[in-house]
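# here is my input; please provide its structure:
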Amino acid sequence: MKRVITYGTFDLLHYGHINLLRRAKALGDYLIVVVSSDEFNWNEKHKKCYFTYEQRKALLESIRYVDLVIPETCWEQKVTDVHEYHIDTFVMGDDWKGKFDYLKDEGVDVVYLPRTPEISTTQIKKDLTGK
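As a prediction, the model looks like this:
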């Protein structure tokens with residue numbers, strides 16, 4: 001079984017997220033989605049989410065491409081996750097290109113998928129607030 005992992009906040013879930021998850025799942029048999037916890041988002045990423053971690057987790061668990069959802073609590077957990085979950089392929093959006101190449105040293109393929117260009121959570125928030 002080929003295992004794939006991806007990370008994100010996944011707040012205000014939209015079709016760009018679904019595109020990423022669909023393409024990530026196509027790279028293997030089992031997709032693990034690691035979702036930033038509320039504390040990690042606030043303390044490390046300086047992001048306030050509309051939906052709580054539990055709500056974002058429940059939304060992701062309802063998507064057919066997703067096999068397992070776990071929390072992200074720190075930047076450093078990626079190496080641990082790769083080993084603990086026996087990951088073959090690490091996937092991120094191409095806005096992170098090059099940032100996780102160090103994981104190749106852990107024996108995984110690192111893939112950066114193109115983002116869906118016309119949609120982003122940041123843009124949705126800006127459109128809704130008029131800013």
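# the chain: strands as residue ranges?
With DSSP state E applied, the chain shows strands at 3-8, 30-36, 68-72, 89-93, 109-113, listed in chain order.
# against which helices or strands is the third one packed?
What that stands for is strand 68-72. Counting by 3 or more CB pairs under 8 Å, 6 or more residues apart in numbering; DSSP states H and E, the packing neighbours recorded for strand 68-72 are strand 30-36, helix 53-61. Quick note: C-beta positions are derived from backbone N, CA and C, even for glycine.
# list the buried residues in the longest one.
What it means is helix 53-61. Neighbour counts using 16 or more other CB atoms under 10 Å place Y53, R56, K57, L59, L60 of helix 53-61 among the buried residues.
# and L59, how far from E106?
In this structure, L59 and E106 are 29 Å apart, going by CB to CB, to the nearest Å.
# L60 and I32 touch, don't they?
No - distance between L60 and I32: 10.5 Å, which falls outside the contact criterion (CB atoms under 8 Å).
# how about V4, nearest residue that isn't a chain neighbour?
G28 (3.9 Å; CB to CB, 6 or more residues apart in numbering).
# report how many residues lie close to that neighbour.
Other residues lying near G28 total 19 when counted by other CB atoms under 10 Å.
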